[in-house]
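K.L.:
Here is my input; please provide its structure:
(one chain, ligands or ions: 2)
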Amino acid sequence: MTLFRQNLIDGEWVGDAGSRNINPSDTGDVVGDYASAGAAQAGQAIAAAKAAFPAWSRSGPLARHAVLKKASDEIMARKDEIGRNLAREEGKTLAEGIGETIRAAQIFDFFAGETLRLSGEVVPSVRPGVGVEITREAVGVVGIITPWNFPIAIPAWKIAPALAHGNTVVFKPAELVPESAWSIVDILHRAGLPKGVLNLVMGKGSVVGQAMLDSPDVNAISFTGSVGTGKRVAAASVEHMRKFQLEMGGKNPLVVLDDADLAVAVDCALNGAFFSTGQRCTASSRLIVTDAIHDRFVDALKDRMGKLVVGDALDAQTQIGPVVDATQLKQDEDYIAIGVREGATLAFGGGRLDRKTPGFYLSPALLTEATNAMRSSREEIFGPVASVIRVKDYDEALAVANDTPFGLTSGICTSSLKHATHFKRNSEAGMVMVNLPTAGVDFHVPFGGRKGSSYGPREQGRYAMEFYTTVKTAYTFAG
Ligand SMILES: NC(=O)C1=CN([C@@H]2O[C@H](COP(=O)(O)OP(=O)(O)OC[C@H]3O[C@@H](n4cnc5c(N)ncnc54)[C@H](OP(=O)(O)O)[C@@H]3O)[C@@H](O)[C@H]2O)C=CC1
Ligand SMILES: O=C(O)CCC(=O)C(=O)O
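P.N.:
Numbering: from 1, shown residues only. Ligands and ions are numbered 1, 2, ... in the order given. The predicted structure follows:
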């Protein structure tokens, strides 16, 4: 019998089956059927969150700590099962799926701790006899809209701080990956959240997401996804004068200098560009390589790419799973063709692969002799495709790295302290890596970028409080 999952609205599981979840490694495998909310149900979820807000925002830290800690413990205890489901619905490998599930458990644990670390300030006024208190309050109803590429970690790093700081939530996950989203909502619900505090509205972005954008009762929206949808979130949020936070694309550079350790550089490129099938906003899609190491780097990278095992995400041997769906596969292929038309050389991969099961398998692709002006070097591809751009020296590498509309992550492989230090200071990115892949970040420190990649306060770690709280300054005349 096919699994069927419903939406959670005001503490009740509701809705008829409306959308089917398919395994991208085997399109004949149905993960389950899922409710698909309409605008009316989105409205009910928002109303429930609004009604639940006064009590939840006044609940003490211990009540919030208990729920978040319990959720963390259950996610960790069920990491293999939840991680396997994640790999089955999204297509990242079993190891990546389990790793991401562990990361979600760690995030809930971190924010359980945050509930006990909340603090304010008491400062003397410039006026005698007056005291000033600076406190943080919950924002209200937070709309959370998430993408398909990190089906459990991204919902976790938005939902956990929202709840920890006393907000109520309306959560709309990506339609492609509802099982992971459903699992964490089910776990949090059973962990003891009062009704209405967390509402799940699976459904189409153009319907459910849009209803959230259009509602005056949604006080803040945290969004991760494409630049196009991010701009819609921004425009609608300005209209309603609400807080909003956007995490969007990247065109992240990995600079490889002549003095780099070749093995480290190739590891960083392979991991950053192709792991998770390149479907990370932090992926290294531009490999900017100085002249003297260029040919050795390309040869060594091609050699390693040739050994990558591309296959069914649930097969323990697989290193690169399938692309998430047919639309994304076509986008990847289109960009490879665009790169070649613009003059790059397809030095490795780029073709569809046949495997035992029908799936969206693409051989990781390397474009060489690329320039930074090519569309394939400027626009986010979001697949296992990287371009190598040859430069003469560090100065040119830095200029090319910064010449992009995006600014999420950047990386440099070098043994020079001088260049590493200069790059950390001068890279126009929110996160900078030295001798590390551009993708794969810690869960307890700020995450976010500059320019077209991000808007609003940082996510994750203590810095998340900036978005999920609002500051109040209170003056008291005590005589
Ligand atoms: N920065 C990142 O981490 C990500 C970047 N991307 C980029 O975006 C491209 C397209 O991916 P895609 O999944 O279509 O990205 P979208 O921006 O369309 O999707 C992200 C989320 O927004 C929702 N959404 C869609 N339309 C609206 C709307 N009008 N109002 C409110 N919410 C809406 C989606 O719902 P639903 O999909 O369920 O309809 C999903 O939950 C990728 O190829 C990649 O380049 C994609 C994912 C993550
Ligand atoms: O690289 C990471 O660890 C996180 C990437 C991410 O958040 C994303 O691709 O949306």
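K.L.:
Can you get me a residue count around residue 291?
P.N.:
12 (other CB atoms under 10 Å). C-beta: built from backbone N, CA, C; applies to glycine.
K.L.:
Quick check: phi and psi on residue 105?
P.N.:
phi -60, psi -40 (degrees, to the nearest 10).
K.L.:
whoops, I mixed them up, residue 79
P.N.:
Residue torsions, per degrees, to the nearest 10, at residue 79 are phi -60, psi -40.
K.L.:
OK, contacts around the closest residue to it other than its chain neighbours?
P.N.:
Leaving aside its sequence neighbours, residue 79 sits nearest to residue 101 (CB to CB, 6 or more residues apart in numbering; 4.6 Å). Residue 101 sits next to 75, 78-79, 82-83, 86, 152 when contact means CB atoms under 8 Å, 6 or more residues apart in numbering.
K.L.:
Name the SS class of residue 101, please.
P.N.:
Following DSSP: H, G, I helix; E, B strand; the rest coil, residue 101 is assigned to helix.
K.L.:
so what pLDDT did it get?
P.N.:
Residue 101 is assigned 98 on the pLDDT scale.
K.L.:
Next one: it from residue 225, what distance?
P.N.:
21 Å (CB to CB, to the nearest Å).
K.L.:
So which bits of the stretch 251-400 of the chain are right by ligand 2?
P.N.:
Contact residues (CB under 6 Å from any ligand atom) of the stretch 251-400 of the chain with ligand 2: 280-282.
K.L.:
And those, which is closest to residue 242?
P.N.:
residue 281 (23.4 Å; CB to CB).
K.L.:
Give the helix, strand or coil label for the closest one.
P.N.:
Here residue 281 is recorded as coil under three-state DSSP.
K.L.:
what sits against the spatially most central residue of the chain?
P.N.:
Per CA atoms, centre = their mean, the C-alpha nearest to the average position across the chain is that of residue 154, at 4.8 Å. Neighbour list for residue 154: 146-147, 224 [criterion: CB under 8 Å, 6+ apart].
K.L.:
what does residue 236 give?
P.N.:
So residue 236 contacts 213-214 (CB under 8 Å, 6+ apart).
K.L.:
Just want the phi and psi numbers for it.
P.N.:
Main-chain torsions, residue 236, degrees, to the nearest 10: phi -70, psi -40.
K.L.:
Ligand 1 contacts on the chain?
P.N.:
Going by CB under 6 Å from any ligand atom, the residues of the chain near ligand 1 are 145-149, 172, 174-175, 204-206, 209-210, 213, 224-226, 229, 232, 247-249, 281, 328, 331, 380, 382.
K.L.:
roughly how far apart are the residue nearest to residue 79 and residue 423?
P.N.:
From residue 101 to residue 423 the distance is 33 Å (CB to CB).
K.L.:
repeat for residue 126
P.N.:
Separation of residue 126 from residue 423 (CB to CB): 44 Å.
K.L.:
any idea how far stretch 196-210 is from the chain center?
P.N.:
18 Å (CA atoms, centre = their mean, to the nearest Å).
K.L.:
brain fart, stretch 361-378
P.N.:
With CA atoms, centre = their mean, you get 23 Å for stretch 361-378.
K.L.:
same check, this time on stretch 164-180
P.N.:
On CA atoms, centre = their mean, the centre of stretch 164-180 falls 13 Å from that of its chain.
K.L.:
touching ligand 2 at all, that stretch?
P.N.:
No - for stretch 164-180 and ligand 2, the contact criterion (CB under 6 Å from any ligand atom) is not met; the two come no nearer than 11.3 Å.
K.L.:
got the contact list for residue 300?
P.N.:
Applying CB under 8 Å, 6+ apart, the residues near residue 300 are 262-263, 266.
K.L.:
domains in the chain, as residue ranges please.
P.N.:
The chain resolves into domains spanning 4-248+453-477, 253-434 when parsed by the TED database.
K.L.:
how near is residue 100 to residue 366?
P.N.:
26 Å.
K.L.:
Near ligand 2, which residues of the stretch 101-250 of the chain are found?
P.N.:
149-150, 154, 224.
K.L.:
let's see 8 Å
P.N.:
147, 149-150, 153-154, 224, 247, 250 (CB under 8 Å from any ligand atom).
K.L.:
which of the residues in stretch 128-142 are buried?
P.N.:
136, 138-142 (16 or more other CB atoms under 10 Å).
K.L.:
Show me these that map onto helices.
P.N.:
Using DSSP state H to define helices, no part of the buried residues of stretch 128-142 is located there.
K.L.:
Closest to residue 199 out of the residues of the stretch 251-400 of the chain next to ligand 2?
P.N.:
residue 281 (26.1 Å).
K.L.:
what's around the spatially closest residue to the closest one that is not a sequence neighbour, how many residues?
P.N.:
Spatial nearest neighbour of residue 281, excluding adjacent residues (CB to CB, 6+ apart): residue 250 at 4.6 Å. Applying other CB under 10 Å, we find 30 residues neighbouring residue 250.
K.L.:
where does residue 42 fall, phi/psi-wise?
P.N.:
Phi and psi for residue 42, reported as degrees, to the nearest 10, are phi -60, psi -40.
K.L.:
what kind of secondary structure is the closest residue to it other than its chain neighbours in?
P.N.:
Leaving out its chain neighbours, the residue that sits closest to residue 42 by CB to CB, 6+ apart is residue 211, at 3.7 Å. Here residue 211 is recorded as helix under three-state DSSP.
K.L.:
pLDDT value on residue 211, please?
P.N.:
Reported pLDDT for residue 211: 98.
K.L.:
Could you tell me how many residues sit around it?
P.N.:
Residues near residue 211, counting by other CB under 10 Å: 24.
K.L.:
you'd agree it is up against residue 39?
P.N.:
Yes - the pair residue 211 and residue 39 passes the contact test of CB atoms under 8 Å, sitting 4.2 Å apart.
K.L.:
what residues are up against residue 472?
P.N.:
If a contact means CB under 8 Å, 6+ apart, then residue 472 has 134-137 as its contacts.
K.L.:
Kindly report the same for residue 379.
P.N.:
251, 335.
K.L.:
Over to it: give its phi and psi.
P.N.:
The phi/psi pair for residue 379 (degrees, to the nearest 10) reads phi -110, psi 150.
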